[in-house]
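In: quick one: sequence and predicted model below, then my questions.
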Amino acid sequence: MNLSTFGEKFTHKAGISQLMDDLGAAMAGGDMLMLGGGNPAHIPEVQLRFRNRLEEILAEPGGFEAMIGNYDGTRGNDAFIEALAALLNDEFGWQISPKNIVLTNGAQSALFMLFNMFAGQMPDGSKKKILFPLTPEYIGYADAGLTDDFFAAQHPSMEQLDHRLFKYHVNFDELEVGDDIGAICVSRPTNPTGNVLTDAEILHLDTIAEDKGIPLIIDGAYGTPFPNIIYTDAKPFWSPNTILTMSLSKFGLPNLRTGIVIAPEAIASAIAESNGIMNLAPGGLGAKMALEMVRSGEIMQMSKEIIQPYYQRKAYHTLDLFEEHLGDVPCKIHKPEGALFLWVWFQELPCTATKLYERLKERKTLVVPGSYFFPGLENEDWQHKHECIRVTYAQDERIVSKGVEIICDEVKRLYA
Ligand SMILES: Cc1ncc(COP(=O)(O)O)c(C=O)c1O
């Protein structure tokens with residue numbers, strides 16, 4: 001096979017793809033405790049609401065036929081976009097119009113398009129990068145650049161808290177945003193750590209980005225206004241210099257692949273153009289399923305009253321389980337402030353987190369080794385990268401508690 005540079009880059013098995021295959025193969029063997037994936041929970045009340053919604057669509061004359069039989073425009077379902085603009089304006093006073101919104105096939109593809117619009121080879125011959133001002137960051141960013149040397153990243157500062165907790169912060173004192181940076185990007189809440197950047201941190205980043213004339217991309221896959229898996233009182237943020245990406249996945253519809261971009265008009269139009277080239281149009285199933293919930297504001301209410309408390313309970317319960325089983329293992333856990341994960345840091349772990357992952361897999365427990373979550377710092381020799389694991393708490397109670405017990409037992413053996 002004679003492949004282009006693009007072809008080679010996207011067929012070369014990236015570390016993350018290998019890991020995902022490994023997780024998939026391990027799961028296929030049955031009886032595995034899955035604490036490694038990013039799948040949202042199947043929350044019964046939420047699923048029932050979707051079931052009812054689908055039945056309503058089926059009962060509408062022509063509803064089903066229109067849903068499956070018509071392309072939307074390149075920007076996505078107009079009715080959904082209009083309803084969302086109205087909701088965001090009413091709730092947060094953002095002053096956006098439908099021209100600021102575009103849908104994509106999942107937030108992942110939105111981020112791929114955005115990254116490659118703002119970084120890589122520039123028309124004047126220069127090269128630009130996407131900057132992650134706080135790592136650890138989302139594993140799914142790591143291979144999303146079309147050219148090499150695509151990301152720059154920065155170590156966090158660490159705040160030590162009581163009760164075995166710690167929290168990462170952006171280290172503003174050392175944050176350098178050179179002329180080679182095309183955009184700044186953060187996930188809020190952060191996958192993998194469950195960190196939620198404070199309002200002050202977000203504002204500071206936005207000011208820095210604006211001063212440099214570059215956008216701040218906020219990946220709100222878990223954030224406000226929906227699915228709102230945030231346990232702090234962080235405020236939703238958008239400014240004309242910000243690109244906010246959202247998703248219906250963690251609201252409970254990951255298989256309908258619906259991403260949402262809120263951006264300045266020119267950028268939203270550029271994403272719509274890219275949609276046209278890459279996909280003709282984004283799929284409309286997610287938008288149709290969620291339309292009435294956005295129109296009525298129910299999407300906010302479900303997020304606040306069902307989804308957020310569901311995960312918060314699970315987060316604190318999983319924290320208690322670790323506390324119960326860790327004994328005197330030197331371990332700290334990132335303060336759970338949102339998303340679906342605990343980020344567990346074993347200080348001076350006697351082996352790498354990847355080795356720990358292997359050992360846990362042998363004991364039928366799957367986690368994700370932390371070293372994958374440092375896009376932009378891949379080549380950096382930093383012990384901390386090899387001392388952390390990501391543990392998902394979205395699964396059933398039985399799976400999570402058994403898994404935590406095995407993790408704690410295995411690390412006790414290692415330290416012994
Ligand atoms: C931080 C973050 N951003 C983006 C995505 C992509 O979401 P989507 O399913 O909408 O493509 C995920 C998925 O897990 C994620 O964790």
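Out: That came through fine.
In: the lowest-mean-pLDDT helix or strand in the chain near the ligand at all?
Out: Lowest mean confidence among the helices and strands of the chain (mean pLDDT, DSSP states H and E): helix 15-28, at a mean of 74. No - counting by Cβ under 6 Å from any ligand atom, the ligand is not contacted by helix 15-28; separation bottoms out at 11.7 Å. C-beta here means a position set from N, CA and C on the backbone, and glycine is covered the same way.
In: quick check: next helix or strand after that helix?
Out: strand 33-34 (DSSP states H and E).
In: elements contacting that next one?
Out: strand 365-366, helix 397-415 (3 or more Cβ pairs under 8 Å, 6 or more residues apart in numbering; DSSP states H and E).
In: what packs against the first one?
Out: For strand 365-366, the packing partners by 3+ Cβ pairs under 8 Å, 6+ apart come out as helix 15-28, strand 33-34, helix 397-415.
In: can you tell me how far the residue lying closest to residue 147 once chain neighbours are set aside sits from residue 242?
Out: Among residues not flanking residue 147 along the chain, residue 120 sits closest, at 4.6 Å (Cβ to Cβ, 6 or more residues apart in numbering). Separation of residue 120 from residue 242 (Cβ to Cβ, to the nearest Å) stands at 21 Å.
In: ditto for residue 338
Out: 19 Å.
In: which ones are touching the residue in the stretch 301-416 of the chain positioned nearest to the ligand?
Out: The stretch 301-416 of the chain approaches the ligand most closely through residue 339 (7.3 Å), counting by Cβ to the nearest ligand atom. For residue 339, the contact set (Cβ atoms under 8 Å, 6 or more residues apart in numbering) comprises 189-192, 194, 222, 229, 311.
In: what does the stretch 101-250 of the chain put close to the ligand?
Out: So the stretch 101-250 of the chain meets the ligand at 106-108, 138, 140, 187, 191, 219, 221, 247, 249 (Cβ under 6 Å from any ligand atom).
In: now intersect those residues with the helices, please.
Out: Judged by DSSP state H, the subset of these located in helices is 107-108.
In: which of the residues of the stretch 101-250 of the chain next to the ligand fall in strands?
Out: 187, 219, 247 (DSSP state E).
In: okay, the second one: pLDDT?
Out: Residue 219 is assigned a predicted lDDT (pLDDT) of 98.
In: is it true that it touches residue 108?
Out: No - contact criterion Cβ atoms under 8 Å: residue 219 and residue 108 do not qualify, at 9.8 Å.
In: higher neighbour count, these two?
Out: Higher neighbour count among residue 219 and residue 108: residue 219, with 27 against 20, using other Cβ atoms under 10 Å.
In: and the more buried one, what is it in contact with?
Out: Counted by Cβ under 8 Å, 6+ apart, residue 219 has contacts 107, 111, 138, 185-188, 245.
In: ditto for residue 88
Out: 94, 96, 225, 238, 262.
In: what comes up buried for the strand or helix carrying residue 287?
Out: In the assignment (DSSP H and E), residue 287 maps to helix 285-296. Within helix 285-296, the residues scored as buried using 16 or more other Cβ atoms under 10 Å are 285-295.
In: perfect, that will be all.
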